[in-house]
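**Q** would you be able to build a 3D model of this:
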Amino acid sequence: MWLEAIVVNILIHSVQRTSGFVNLAHTPDQTLQGNASWNVAPHDSSWTADKAVDGNTKQDHLPTCAIADYNRNYKSVWWKVWLNRKFNIAYLEIYLRSGTTSRATGFYIYTYEDELYVPPTGNTGSLVYHHNPMSGCPTSLQNITVNKLAQGVAFFNERLAGFKSSCSGAEVTRTSVEICEVRVMGCEQNRYHFGCTNACSVKCKDRHCDAFNGSCIYGCSDPSAMSLDCIVCDDGTHAVDGICEQCGHCKDDTQCDKETGSCSTGCKENWIGNLYPEADVRCEYLLG
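**A** Residues are numbered from 1 along each chain as shown. Got it, this is the predicted structure:
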């Protein structure tokens with residue numbers, strides 16, 4: 001097992017050096033290969049769920065696509081892929097079948113943490129994106145920002161009573177799954193940035209961070225740290241762009257907020273400031 005993990009890490013780093021984020025759902029030698037499934041029957045016996053993670057992005061070659069049997073009048077459909085393990089997912093590239101994108105109108109994208117998850121129900125799913133059916137038809141290539149730690153990605157669509165759409169050709173009573181490829185682009189759990197060249201800071205909780213800029217969006221290792229930079233400021237200072245700056249002049253000599261620099265009690269005599277936020281104020285200006 002440990003040897004397999006080493007081989008996978010070497011492969012990921014090699015791919016990342018040449019092409020940025022790696023496709024976590026499929027690598028050419030299938031060292032990384034997502035397990036795809038769905039709740040529908042294929043239109044043809046060979047157009048199965050796994051064809052959407054076979055590495056082929058052609059949108060007009062049906063044998064390489066996951067195509068549901070549209071004649072079955074599905075009102076609720078889903079397709080999902082379960083990755084080898086949890087990754088720091090940056091974004092998705094979804095290649096819909098050319099010419100039938102109207103059937104995907106109103107689709108949802110979820111991430112999830114339980115392989116048995118059935119979208120959209122359950123407490124392990126997290127909504128990432130919803131195509132607004134009143135914004136026209138979805139484009140055949142969808143680029144969707146995720147920026148989450150996750151092991152599963154799901155496509156979901158449904159036709160509820162009263163469904164409306166401005167997409168020409170979209171049917172209001174049935175939908176389908178017609179996906180030619182889903183590329184799940186990202187890094188290992190503790191890495192970030194295009195090319196996955198950077199390691200998440202030890203200041204971040206569990207060394208998990210924003211997939212693009214490395215900020216500590218999941219919290220800080222030190223519970224007393226402030227801001228997404230996870231810096232620890234002394235009394236009388238507050239965090240500004242990753243450094244601690246002096247603050248104060250609060251009424252009754254109370255401490256300013258270490259994250260915002262604001263004075264919840266207001267300013268001491270002869271000091272004024274700007275509201276931040278609505279109920280607080282930064283006391284920065286001495287009256288003449």
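**Q** so which residues of this protein form helices?
**A** 2-19 (DSSP state H).
**Q** pull the longest strand from it.
**A** strand 76-96 (DSSP state E).
**Q** what is that strand packed up against?
**A** Judged by 3 or more C-beta pairs under 8 Å, 6 or more residues apart in numbering; DSSP states H and E, the packing partners of strand 76-96 are strand 35-38, strand 108-112, strand 141-158, strand 178-187. (C-beta placed from N, C-alpha, C; glycine too.)
**Q** which residue packs closest to residue 58, ignoring adjacent ones?
**A** residue 64 (5.7 Å; C-beta to C-beta, 6 or more residues apart in numbering).
**Q** the spatially most central residue of the chain and residue 178, how far apart?
**A** The centre of the chain sits closest to residue 146, judged by C-alpha atoms, centre = their mean, with a distance of 1.7 Å. Using C-beta to C-beta, to the nearest Å, residue 146 is found at 21 Å from residue 178.
**Q** flag every buried residue along stretch 151-165.
**A** Of all the residues in stretch 151-165, those buried under the rule 16 or more other C-beta atoms under 10 Å are 151-159, 163, 165.
**Q** between all of the residues you listed, which two are separated the most?
**A** 151 and 165 (32.0 Å; C-beta to C-beta).
**Q** break the chain into its domains for me.
**A** 23-188, 190-231, 233-288 (automatic domain parsing).
**Q** mean pLDDT added to those, as TSV?
**A** As requested, the domains of the chain are arranged in TSV below (pLDDT from 0 to 100):
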stretch	mean pLDDT
domain 23-188	96
domain 190-231	92
domain 233-288	77
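**Q** so which bits of stretch 103-115 are buried?
**A** So, applying 16+ other C-beta under 10 Å, buried residues of stretch 103-115: 103-112.
**Q** circling back: any idea how many residues pack against the nearest residue in space to the residue nearest to the centre of the chain that is not next to it in sequence?
**A** Distances taken as C-beta to C-beta, 6+ apart place residue 89 nearest to residue 146, at 4.5 Å, with adjacent residues excluded. For residue 89, the number of neighbouring residues by other C-beta atoms under 10 Å comes to 26.
**Q** so what's residue 89 up against?
**A** 24, 111, 146-150, 153, 184-186, 211 (C-beta atoms under 8 Å, 6 or more residues apart in numbering).
**Q** specify which member of the residues you listed is nearest to residue 192.
**A** Using C-beta to C-beta, those come closest to residue 192 at residue 211, 5.2 Å.
**Q** any idea how far residue 185 is from the closest residue to that closest one other than its chain neighbours?
**A** Among residues not flanking residue 211 along the chain, residue 90 sits closest, at 4.1 Å (C-beta to C-beta, 6+ apart). Distance, residue 90 to residue 185, by C-beta to C-beta: 5 Å.
**Q** ditto for residue 35
**A** 18 Å.
**Q** compare the two (neighbour count), which wins?
**A** Between residue 35 and residue 185, counting by other C-beta under 10 Å, residue 185 is the more crowded of the two (21 against 15).
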